[in-house]
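1. need a structure here:
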Amino acid sequence: MAKNKTSDLTQRLETVIKTLIPQRGQNAEELGPMMRAIKAVHSATSSTSTTPEDLERQRAGQELFGRLVAPSQGIRSDALTIGAVPAEWVSLEHGHDRRHAVLYCHGGGYTCGQLGYARILASKLALCTGFDVLSFEYRLAPEHPYPAAVQDALAVWDYLMYMGYGARDVVVAGDSAGGNLALELCLKLKEQGRAQPRGLLLFSPWTDMTAGGKSYRTCRDLDPMLTLEYVQAVRAAYAGPEADFADPCYSPLFADLRGLPPTLIQVGTNEILLDDSERLAEAMHKAGGYALLEVYEECWHVFQQMPIRRAEQAMESVGRFVQRLL
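-> The predicted structure is shown next:
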C-alpha cells in the first residue's frame, strides 16, 4: 500500500512540475504558474505532519523534485561516505578551481532532504563559483533531533581539513534550515577556537526559531511554500516541543555573531522568513561583521532552485561575491 501511495505521489509531482514550471529564462512577470506549481507540490502531502508515513512522502517528493530540476549538463557527481555520513562531491566536468571548495548544507526543515535534493543548489554553486561542492546527508529529525545535524556538519568540516583544505579555502553555503546549520557550524567552530571559513552564502536562511519576525504576518498570503504551522511542526521535531527556541543553538540570530566570515544573504519578498534574513544582516553589522543582503522582488523561499531568470541572476551574484572574497 505504501509503495502504491509513493508511486501516486511521484506521478502527481511529475505532472505538476513538467506542466507548470516555466522554462529557463522565463520573465519575472510570468511567475504565476510557478507559484501554482510550488503550492501543488507542497500540498501533495501534509507538510505539518512528522509521522513516518508522511515524512517518507515528503522526502520522496523532494528527491523527485531534485531529479527533475537539478542542472546536469557539464556536471559530475561522485558519492562518498564520511564516517557514517553519506556525501557527494559535485564538480564541473571541464577544468575548474580545485584549490577551493564549497561545503553546502541542504534545507528541508531539518526533517527532509537527501543528496538528490541537495544536488540542485550544489550543481548551481559549482557552476557559478567554479569550485568543487561537497554536500552531505546529515541525520534528520525527528529520528535524530538536535544536535545530530550539527555534529554531522562538524564531521564533514573536519574531513575537508583532513583532506588538506584550509579553513580559508572553504566557503560554507546553506539554504533554509541548511542556512541555520551553516551558521551553527560557524558558531561551533568559533566556540572551539578554530578558524572560520572564507565566507558564508545563505539562501533564505532560517535564523529565528521563535518565529518572531513580522513577515510571518505580512507575507502569510504571499508565501507559496512555508506556513507558520509548518515551522512550528519542524522546529518541534528538531528541538523538542518544550525547547527554548530563542537559545542561540537553535536560533543563530540571537548568538554572538562577532568574528563570523563575510556573508551574502539572499531572500525573496514573498516569504515568511524575510525578516529572518533582514534581521540577521542587521545583527551581523552591529557585531562588526560584513553581510550583504540581497532582497529579490516577487520571489519566494529558495527561489534559486528554479530554472528561471531571477535565479540565474542570483547565482551570478553569488559567483561575483565569491570572487571578491579570494
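2. Name the residues of the helix or strand encompassing Asn180 that are buried.
-> Under the criterion of DSSP states H and E, Asn180 resides in helix 177-191. Burial within helix 177-191, assessed by neighbour count using 16 or more other C-beta atoms under 10 Å, is assigned to 177-190. The way it works is simple: take the backbone N, C-alpha and C, and place the C-beta from them, glycine included.
3. how about these in a markdown table, adding distance to Asp247?
-> As requested, the buried residues of helix 177-191 are exported to a markdown table (distance: C-beta to C-beta, whole Å):
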| residue | distance to Asp247 |
| --- | --- |
| Ala177 | 16 |
| Gly178 | 19 |
| Gly179 | 17 |
| Asn180 | 13 |
| Leu181 | 15 |
| Ala182 | 18 |
| Leu183 | 14 |
| Glu184 | 11 |
| Leu185 | 16 |
| Cys186 | 17 |
| Leu187 | 12 |
| Lys188 | 14 |
| Leu189 | 18 |
| Lys190 | 16 |
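4. other SSEs contacting the helix holding Asn180?
-> Judged by 3 or more C-beta pairs under 8 Å, 6 or more residues apart in numbering; DSSP states H and E, helix 177-191 is in contact with strand 97-105, helix 148-162, strand 170-175, strand 199-203.
5. okay if I get these as CSV plus mean pLDDT and mean neighbour count?
-> Below are the helices and strands packed on helix 177-191 laid out as CSV (pLDDT from 0 to 100; neighbours: other C-beta atoms under 10 Å):
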stretch, mean pLDDT, mean neighbour count
strand 97-105, 93, 21
helix 148-162, 98, 18
strand 170-175, 98, 27
strand 199-203, 98, 26
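6. For these, could you give me TSV that also reports distance to Cys219?
-> Shown next, in TSV, are the helices and strands packed on helix 177-191 (distance: least, C-beta to C-beta, whole Å):
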stretch	distance to Cys219
strand 97-105	24
helix 148-162	26
strand 170-175	17
strand 199-203	16
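7. Nearest to Glu294, out of these?
-> strand 199-203 (10.1 Å; C-beta to C-beta).
8. same for that closest one, what does it pack against?
-> By 3+ C-beta pairs under 8 Å, 6+ apart, strand 199-203 packs against strand 170-175, helix 177-191, strand 263-268, helix 309-325.
9. Asp244: which of the ones you listed is closest?
-> helix 177-191 (15.3 Å).
10. can you give me the offset of the closest one from its chain's centre?
-> 13 Å (C-alpha atoms, centre = their mean, to the nearest Å).
11. Ok, stretch 208-219 next?
-> For stretch 208-219, the distance to the chain centre is 18 Å (C-alpha atoms, centre = their mean).
12. which residues does Leu201 bridge with?
-> Applying DSSP bridges to Leu201 gives these bridge partners: Ala173, Leu264.
13. what's the distance between it and Pro241?
-> From Leu201 across to Pro241, the span is 32 Å (C-beta to C-beta, to the nearest Å).
14. Also Gly213?
-> To Pro241, Gly213 is 21 Å away according to C-beta to C-beta.
15. Neighbour count for these two, which is higher?
-> Neighbours were counted for Gly213 and for Pro241 using other C-beta atoms under 10 Å; Gly213 has more, 20 against 9.
16. Near Phe303, how many other residues are there?
-> 25.
17. tell me the contacts of it?
-> Gly268, Tyr296, Arg310, Ala311, Ala314 (C-beta atoms under 8 Å, 6 or more residues apart in numbering).
18. Farthest pair within these?
-> Farthest apart among those - using C-beta to C-beta - are Gly268 and Ala311, which lie 10.5 Å from each other.
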